[in-house]
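K.L.:
Using only what follows, build the 3D model:
(4 chains)
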Number of protein chains: 2
Amino acid sequence: MKRQRMSDQGGTVTIHDVARHAGVSSMTVSRVINKNVNVREPLREKVMASIKALKYTMNMAARSTRAGMGGVRIGVLYSHPSASYLNEVMLGGLDQAARLGAQLLLEKCGGLQSQKNAVNRLVEAGVDGVILPPPLCDSAPTVQMLTRVGIPVLALATARPLPEVSAVRIDDFQGALALTRHLTKLGHKRIGFIKGNPTHTPTEVRYEGFLKGLSEAGITLDEGLVVQGQFTYKSGLEAGRELLDRKDPPTAIFASNDDMAAGVMAVAHGLKISIPEQLSVCGFDDTPVASTIWPQLTTVHQPIVAMGRSSVSTIFERIKELKSGEPSRPVHQLMKFTLMDRDSTGPAPK
Amino acid sequence: MKRQRMSDQGGTVTIHDVARHAGVSSMTVSRVINKNVNVREPLREKVMASIKALKYTMNMAARSTRAGMGGVRIGVLYSHPSASYLNEVMLGGLDQAARLGAQLLLEKCGGLQSQKNAVNRLVEAGVDGVILPPPLCDSAPTVQMLTRVGIPVLALATARPLPEVSAVRIDDFQGALALTRHLTKLGHKRIGFIKGNPTHTPTEVRYEGFLKGLSEAGITLDEGLVVQGQFTYKSGLEAGRELLDRKDPPTAIFASNDDMAAGVMAVAHGLKISIPEQLSVCGFDDTPVASTIWPQLTTVHQPIVAMGRSSVSTIFERIKELKSGEPSRPVHQLMKFTLMDRDSTGPAPK
DNA sequence: GCCTTAATTGATATCGATATCTTTTGGTCT
DNA sequence: AGACCAAAAGATATCGATATCAATTAAGGC
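P.N.:
Sure thing, here's the model as predicted:
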């Protein structure tokens, strides 16, 4: 009895409350919210004012029950990306799914046979579309299985999207180029490079960006400073040890992702090599680990959360088009990356 | 035209389809789904069979529009927890919120004044409840501001819940005790301990668990092996260096969280101390970093995602009670932790 | 065996937003 | 000025699940 629907209105403000307040029908309010064209200016303003006055916010759950669009299910099929990467994707994805009233189904798989099973489980569950985070985004068999049964696919963070799939990604080439320029501008000439897992498409593209950056600065590639990694912390540890144990170690190391950069930094800490005074290190992706470690990592920020969000809305649109029989083509969306200039890079020594 | 509502039924299976198939009313189906008691066994079975046969899954969005519970808004107010920790909380939280049809509002703040502003923003936005992840879960002023205006509060992962707030947490004492037992069982006698940030409540409790573990094993505390940390990677780095630079270094180090343990391991890698042969390291929380680094970290798994989920449903229940005028008391929920015995710990050397 | 009570089941209204259809409005063309 | 038509606004039906109340059945009690 204490707290009985206190405050001005009785709890939540609905579209009808706004309508009453503005003296129009709720349909008009709906049209205003959805930027529908057929509303005259004075009315639109009156409605907008009421929305503000009542602090109206839409109930997304209700919207999604609207006729026809009921219960869109989107599958997210992953094999073994880094834990934090997937977390961020899901963070954005779940948030957007909630907004759209869609349902996200997370499905895990391993080898090829297991991929088949996972795809079947998703189809059985009646998904209307599937998002493939890396590294599955580049798996042709998986994509085919899905497209064959008419389910649209979206590849997340692939460097080279397969045909027929939508994609949300950044320009890995430009990102690697920007980072390399950053290093050469700081005066680094001997730059080590740690490649990623060769089965992931960004691996090669980032390397190409690095090469371009070197040639721009008139530096000849020293093949001995290029080490193969696997995108894992452990491979970064090994590659770092290999590079830093040389008698002519590089003054900077460009690791193809943050986990490997963290490995390199761990080795450097052990060798009492101070960062960034004696060695500059940079990574790629800007996963949480980049700002966890010390010194904080200079890296290319990939807006993973936003990409997760965008993946969901992009494939949602596609599903809507397909359901209503409209013509529909895969959509490619390029997100902006940001160079995060933090504390792990500095001027080349001496 | 290619994909025109293929498969058996015309799109999504609803509760009504199931009802028709089973020859009952949709209300009965609803009761079966929600494990409501008042359904006789034969009918329940018939309904269950139909659910399976039609591969029915519920439309969560629709459920959340149900009378009365429309548009619950839950605020999540955080200051500066580790990025990955918050991610996991939100992952569980968003997922559960979607299920319940609630809306989650994320709000950030810094100092005390900024906390006031943040609380005001949340109240303005009309939140019905607020979740406080660490370290804000222990902030008495914030809690007071909220309870004063009648908004229920839930503290996440606090070790000592303030009065009047609900809480979702693990038993930090037992967790630290289990981990210490693990080390002593492996034969370690000289065990270093890195404390966490003194303003967080789990810091002291974990230390107490450690002490208890030592005394159980009949080990006298060496005060020199206890170092103050801050829950940050950097403080782990410094503490690790301090402990490992001693002439009589410990054979095992218990860091109060994973980030600090990662710092210790970085130092060890640098000193070419092999883990776990020469040094055992363990952390606490099992954040993604624990399985990212190498060797993978022995730690206490805190089910953060599940705790995020549980926080949302717990405060949701509370909100429901308050809204319907039922009597309502804060709820405390203790989650199970798990000892993750991975590769960073081993038998004490010689 | 009849009546009261409790346990089951069903019928109907509802939630919030939108699709769709209908009515009204306002303007243009001859 | 009258007719006609598109634009603008409203009325109503709908989505899927559940709350609520009514109807039915079963279970005891004397």
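K.L.:
and the residue in the stretch 201-350 of chain A that DNA strand D sits nearest to, how many neighbours does it have?
P.N.:
Closest to DNA strand D within the stretch 201-350 of chain A is residue A:323: 12.0 Å, counting by C-beta to the nearest atom of the strand. (C-beta placed from N, C-alpha, C; glycine too.) Counted with other C-beta atoms under 10 Å in any protein chain shown, the neighbours of residue A:323 add up to 17.
K.L.:
gap between it and chain B?
P.N.:
Distance, residue A:323 to chain B, using C-beta to the nearest C-beta, to the nearest Å: 8 Å.
K.L.:
wouldn't that residue be in contact with residue A:152 here?
P.N.:
No. The pair residue A:323 and residue A:152 does not pass the contact test of C-beta atoms under 8 Å, sitting 10.6 Å apart.
K.L.:
Need the residues touching each of the two.
P.N.:
Counting by C-beta atoms under 8 Å, 6 or more residues apart in numbering or on different chains, the residues touching both residue A:323 and residue A:152 are residue A:128.
K.L.:
what's the closest non-adjacent residue to the residue of the stretch 251-350 of chain A found nearest chain B?
P.N.:
Of all residues in the stretch 251-350 of chain A, residue A:270 sits closest to chain B, at 1.6 Å by C-beta to the nearest C-beta. Closest residue to residue A:270 apart from its sequence neighbours, by C-beta to C-beta, 6 or more residues apart in numbering or on different chains: residue B:270 at 1.6 Å.
K.L.:
So the one you found versus residue B:256, what's the distance?
P.N.:
Distance, residue B:270 to residue B:256, by C-beta to C-beta, to the nearest Å: 22 Å.
K.L.:
Among these two, which residue is more densely surrounded?
P.N.:
Taking other C-beta under 10 Å, residue B:270 and residue B:256 do not tie; residue B:256 has more neighbours (29 against 21).
K.L.:
The spatially closest residue to that one that is not a sequence neighbour: what's it in contact with?
P.N.:
Distance criterion C-beta to C-beta, 6+ apart; nearest residue to residue B:256, sequence neighbours excluded, is residue B:196 at 3.9 Å. Shown in contact with residue B:196 (C-beta under 8 Å, 6+ apart): B:202-203, B:206, B:229-231, B:256-257, B:260.
K.L.:
who in the stretch 251-350 of chain A is up against chain B?
P.N.:
A:259, A:262-263, A:265-272, A:288-289, A:291-294, A:322-323, A:325 (C-beta under 8 Å from any C-beta of the partner chain).
K.L.:
one more time with 10 Å
P.N.:
The stretch 251-350 of chain A comes close to chain B at residues A:258-259, A:262-263, A:265-273, A:287-296, A:304-305, A:322-323, A:325, A:327-328, as judged by C-beta under 10 Å from any C-beta of the partner chain.
K.L.:
Of these, keep whichever come out buried.
P.N.:
By neighbour count, with 16 or more other C-beta atoms under 10 Å in any protein chain shown, those hold A:258-259, A:262-263, A:265-271, A:273, A:287-295, A:304-305, A:322-323, A:328 as buried.
K.L.:
you'd agree residue A:208 is up against residue A:177?
P.N.:
Yes. With contact defined as C-beta atoms under 10 Å, residue A:208 reaches residue A:177; the gap is 8.7 Å.
K.L.:
would you list every one of the helices in the stretch 201-350 of chain A?
P.N.:
With helices called from DSSP state H, counting those that start in this stretch, the stretch 201-350 of chain A shows them at A:201-216, A:233-244, A:258-270, A:288-292, A:304-323.
K.L.:
Could you say which of the ones you listed is packed most deeply?
P.N.:
Neighbour counts (mean count of other C-beta atoms under 10 Å in any protein chain shown) averaged over each of those peak at helix A:258-270, with a mean of 28.
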